[in-house]
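# Sequence and predicted structure below; questions after.
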Amino acid sequence: MYAWIWRHLPGNMLVRSLISLVLVLGVVFLLFEYVFPWAEPLLPFNNVTVE
């Protein structure tokens, strides 16, 4: 999958690296802003009981 993305990016290696960095930062931003807050109530990590 990553090789397919790399082959389809325009430009030389420097441009491809910058575009890849922007894509990764965009995915991380979307995960932290939308996906993780949506999934947090569904995860059992807050139900901790210590006896």
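Arrived safely, thanks for sending.
# Can you spell out which helices and strands pack onto the worst-scoring helix or strand of the chain on mean pLDDT?
Averaged element by element with mean pLDDT, DSSP states H and E, the chain has its least confident helix or strand at helix 2-8 (a mean of 89). Packing partners of helix 2-8 (3 or more C-beta pairs under 8 Å, 6 or more residues apart in numbering; DSSP states H and E): helix 13-30. C-beta coordinates here come from the backbone N, C-alpha and C atoms, glycine included.
# Tell me the buried residues in the helix it packs on?
Along helix 13-30, the positions that meet the burial threshold by neighbour count (16 or more other C-beta atoms under 10 Å) are residue 16.
# what's the offset of it from the middle of its chain?
On the basis of C-alpha atoms, centre = their mean, to the nearest Å, the separation between the geometric centre of helix 13-30 and that of its chain is 10 Å.
# so how far is residue 29 from residue 22?
Distance of residue 22 to residue 29, given as C-beta to C-beta, to the nearest Å: 10 Å.
# follow-up on the earlier one: any residues touching the least confident helix or strand of the chain, and which ones?
When contacts are defined by C-beta atoms under 8 Å, 6 or more residues apart in numbering, helix 2-8 is touched by residues 16, 20, 23.
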